[in-house]
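Asks: With the sequence up front, the predicted model follows.
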Amino acid sequence: MRALTRKQFLSLLARTGAAVAAVPLIAACGGDDDDGGGGTGGPDAAGGGQADCLANGTRNSIGTNHGHTLVVPAADVEAGTERTYDITGTSDHPHTLAVTADHFAMLQEGQPVTITSSFDDGHDHVVMISCA
């Protein structure tokens, strides 16, 4: 039996609906799982204080990342209107991420959201957005 690579395993988890359970694994992994950028810092980023999307903006983690970036400004969270973000970044292919009004409502309450990007170039990415 052939073993799965880490990237294949995480992609399989995302497609089978197990992505939410895998978020702690994705966040803990090193290697090609890196921060997707876009965080604005804030008190919680420094290790103390309360995370607050409306005051401090967001930070995110893009699973199995290879150059994609996401910026979700505090103004977008406050507006709460569905929005689609292009997360191409420095990658050689695009992905989009649809953040719904329900997702923004959760962020307004300080709750993180996990969303799967569009399926492009044979794969997708599990993205976790949380308050900074």
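Replies: Sure thing, it's come through.
Asks: Just give me the neighbour total for the residue lying closest to Ala74 once chain neighbours are set aside.
Replies: The shortest distance from Ala74 to any non-neighbouring residue, by C-beta to C-beta, 6 or more residues apart in numbering, is to Gly57 (4.3 Å). Every residue, glycine included, has its C-beta placed from N, CA and C. When neighbours are defined as other C-beta atoms under 10 Å, Gly57 has 23 of them.
Asks: So for Gly57, what's the pLDDT?
Replies: You'll see Gly57 listed with a pLDDT of 92.
Asks: okay but it is in contact with Pro73, surely?
Replies: Yes - counting by C-beta atoms under 8 Å, Pro73 is a contact partner of Gly57 at 6.0 Å.
Asks: partners of the helix or strand in which Thr84 is found in the sheet?
Replies: For Thr84, the host element (DSSP states H and E) is strand 83-86. Partners of strand 83-86 in the sheet, by DSSP bridges, are strand 96-99 (antiparallel).
Asks: what's the helix or strand following the partner strand packed up against?
Replies: For strand 96-99, the following helix or strand on the C-terminal side (DSSP H and E) is helix 101-108. In terms of contacts (3 or more C-beta pairs under 8 Å, 6 or more residues apart in numbering; DSSP states H and E), helix 101-108 is packed against helix 53-56, helix 74-79, strand 113-116, strand 126-131.
Asks: Mind listing what's buried along the first one?
Replies: Put plainly, it is helix 53-56. Using 16 or more other C-beta atoms under 10 Å as the test for burial, helix 53-56 gives Cys53, Asn56.
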